[in-house]
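Colleague: I would like the atomic coordinates for the input below:
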Amino acid sequence: MTASAMALTACDRDGPAVEQTALSSSGPPKTAERPLPPGSFNSNWLTHGRTFGEQRFSPGEFAAYAADSGERLWAFPAQTGVTAGPVTYAIDGEQYVSVAVGWGTITGILGGPAVAPLQMKNRSRVLTFRLGGSAQLPVLPDPVPIPLPDVPEQRASDNTVLEGHRVFAQRCLVCHGFSAVSGGLVSDLRYSDRQVYAQWDAIVLGGSLSSNGMPPFAGVVTPAQSQAIKAYIIDRAHALLSGMD
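Modeller: Presented below is the predicted three-dimensional model:
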């Protein structure tokens, strides 16, 4: 296995049936020192034999290491987060390795403060590799800056903002991220426009955006708590504007 021997090949959803293979086993190589990824999240291993190991890395690459020495053999830029575990299988005697990429799992949902600095959008794909493959991913377009929000003036008291933070952490954090920083899979509430704030209770309590995945929270949070959450989000948006976030 050389560093250039493994490359991307297209997935064939209508291809022949996949044969089960005994080449794979879970767990890190026992004889190799684990390489540490540059992000905040480590990853799972897929190993086979004594000479080759693979690891998925959250910060946008899929890498291969020698299982007996830990030597880095090869890496592929996935252009997005890699949080799923890889699998290996054989079709007509040829081995493949596949991995689903994109910001899924708890990392992409509430890990916003860790994911956002990586500046990697969610790009959901299944990447499949084989020896001798030569396909490459399309070149990414230049990033488009997100316009800063037009934030209403903060009229709530400090105590109301603190209450909003408490309720947000209890009811909203698991989708909208720590400190209201999105991991990219759902809306980043700090960038809400004035139209969102004007319809806040209709959205939060009434479910006016339920068709977009935001369910109603009437009966879960009170109207006063809804307004406290709004005050907290306005506070977080002002922190973003001031460069304090």
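Colleague: Near Pro147, how many other residues are there?
Modeller: Using other C-beta atoms under 10 Å, Pro147 has 8 other residues around it. Any C-beta I mention is one placed from the backbone N, CA and C, and that applies to glycine too.
Colleague: Confirm it sits in a strand?
Modeller: No - applying DSSP: H, G, I helix; E, B strand; the rest coil, one finds Pro147 to be coil, outside a strand.
Colleague: For Gln225, see how far away it is.
Modeller: 29 Å (C-beta to C-beta, to the nearest Å).
Colleague: How is the protein divided into domains?
Modeller: 6-131, 158-241 (automatic domain parsing).
Colleague: Including distance to Pro138, could the ones you listed go into CSV?
Modeller: Converted to CSV, these look like this (distance: least, C-beta to C-beta, whole Å):
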stretch, distance to Pro138
domain 6-131, 9
domain 158-241, 19
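Colleague: which one of those lies closest to Pro143?
Modeller: Within the domains of the chain, the stretch nearest Pro143 is domain 6-131; the backing value is 7.0 Å (C-beta to C-beta).
Colleague: Excluding chain neighbours, what is closest to Ile233?
Modeller: Leu189 (4.8 Å; C-beta to C-beta, 6 or more residues apart in numbering).
Colleague: before we move on, the earlier item: now tabulate the domains of the chain in a markdown table and tack on mean pLDDT.
Modeller: Shown next, in a markdown table, are these (pLDDT from 0 to 100):
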| stretch | mean pLDDT |
| --- | --- |
| domain 6-131 | 67 |
| domain 158-241 | 95 |
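Colleague: re the thing from before, how many other residues sit next to the residue nearest to Ile233?
Modeller: Neighbours around Leu189, by other C-beta under 10 Å: 23.
Colleague: Just checking: what are the partner strands of the helix or strand hosting Val99?
Modeller: Using DSSP states H and E, Val99 maps to strand 94-101. Here strand 94-101 has these sheet partners by DSSP bridges: strand 87-91 (antiparallel), strand 125-131 (antiparallel).
Colleague: Using JSON lines, lay out the ones you listed together with mean neighbour count and distance to Pro77.
Modeller: Below are the strands paired with strand 94-101 laid out as JSON lines (neighbours: other C-beta atoms under 10 Å; distance: least, C-beta to C-beta, whole Å):
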{"stretch": "strand 87-91", "mean neighbour count": "16", "distance to Pro77": "20"}
{"stretch": "strand 125-131", "mean neighbour count": "17", "distance to Pro77": "10"}
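Colleague: Format the ones you listed as a markdown table; extra columns: distance to Val220.
Modeller: Formatted as a markdown table, the strands paired with strand 94-101 follow (distance: least, C-beta to C-beta, whole Å):
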| stretch | distance to Val220 |
| --- | --- |
| strand 87-91 | 38 |
| strand 125-131 | 35 |
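Colleague: how about these, which one is nearest Gly102?
Modeller: strand 125-131 (6.8 Å).
Colleague: Determine how far the helix or strand that the closest one is followed by lies from the middle of the whole chain.
Modeller: The helix or strand immediately downstream of strand 125-131 is helix 158-171, counting by DSSP H and E. Between the centre of helix 158-171 and the centre of its chain there are 25 Å (C-alpha atoms, centre = their mean, to the nearest Å).
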